[in-house]
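Chemist: Structure here, sequence nowhere to be found:
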DNA sequence: GCCAACGTTGGC
DNA sequence: GCCAACGTTGGC
């Protein structure tokens, strides 16, 4: 099932040259085992296909391939970085109340996104060669629905918390597969364990 | 449904 | 390799 129509970043994003010992945020990200993945929880037709996929759809399916990502930066994460066992915040986008709805776990590492070769798929990419796959996906498994939905508004409200510093959800809104720092991951889960009258 | 922000394309 | 024009994302 298609997840999201993908946004875009250049393939030529050059990897930063590694300098001696200074740990940049970027390098930290590479060691993180947490991610945020976006999907649209409501029906939207694209190319005659409904792209809807919510945390509840994942709950029913148990495991699903995360297809349809057509952005190089996100692709690189799917192909190279996500490892079996990594946890993902499941984000609902393009809906009345966008936010983090649940948790998923990587159960299969990057492999070619076959929807790129299917002319009937909304994610068909005629430029993707079967012998040289351009787009990748992982398989994710349902973990849980968060005890309390954490809206984007709520995350934005806490944007100055140290734990959320540099969170890409706040700075790179369009990136649909993104790394999440451990501190941010834990902060979000913590929030969702607690009632909050404001949200 | 609008549109700002952001990503890509392609002419030069 | 710059950058204007264009297309898409996704919150609102």
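Modeler: Looks like it arrived, so ask away. Source: prediction; values computed, not measured.

Chemist: For the longest helix seen in chain A, which outside residues touch it?
Modeler: In chain A, with assignment by DSSP state H, the single longest helix is helix A:182-193. Residues outside helix A:182-193 that contact it (C-beta atoms under 8 Å, 6 or more residues apart in numbering): A:32-34, A:87, A:89, A:100, A:103, A:146-150, A:154-155, A:158, A:161-164, A:167. All C-beta atoms are positioned from the backbone trio N, CA, C, and that covers glycine.

Chemist: Out of the residues you listed, which end up buried?
Modeler: A:32-34, A:87, A:89, A:100, A:103, A:146, A:149-150, A:154-155, A:158, A:163-164, A:167 (16 or more other C-beta atoms under 10 Å).

Chemist: Closest one of the residues you listed to DNA strand B?
Modeler: Set against DNA strand B, the nearest of the buried ones among the contacts of helix A:182-193 by C-beta to the nearest atom of the strand is residue A:167 (13.3 Å).

Chemist: hang on, the closest one packs against residue A:175?
Modeler: No - if you go by C-beta atoms under 8 Å, residue A:167 and residue A:175 don't touch, sitting 11.2 Å apart.

Chemist: residues contacting residue A:86?
Modeler: Taking C-beta under 8 Å, 6+ apart, one finds A:33, A:34, A:35, A:105, A:106 in contact with residue A:86.

Chemist: what stretches of chain A score poorly on pLDDT?
Modeler: A:1-31 (pLDDT under 70).

Chemist: hey, where'd the helices end up in it?
Modeler: Under DSSP H, chain A gives helices at A:25-31, A:55-61, A:72-76, A:152-157, A:168-171, A:182-193.

Chemist: Just name the most buried of those helices.
Modeler: helix A:72-76 (a mean of 20; mean count of other C-beta atoms under 10 Å).

Chemist: near DNA strand C at all, that one?
Modeler: No - Helix A:72-76 does not reach DNA strand C (C-beta under 7 Å from any atom of the strand); its nearest approach is 9.0 Å.

Chemist: Is there any residue in that helix that contacts DNA strand B?
Modeler: Yes - applying C-beta under 7 Å from any atom of the strand, one finds helix A:72-76 touching DNA strand B at residue A:72.

Chemist: hang on, isn't residue A:102 packed against residue A:41?
Modeler: No - Residue A:102 is beyond contact range of residue A:41, at 10.4 Å (criterion: C-beta under 8 Å).

Chemist: Can you check which residues contact both of the two?
Modeler: In contact with both residue A:102 and residue A:41: residue A:55, using C-beta under 8 Å, 6+ apart.

Chemist: Much appreciated, bye for now.
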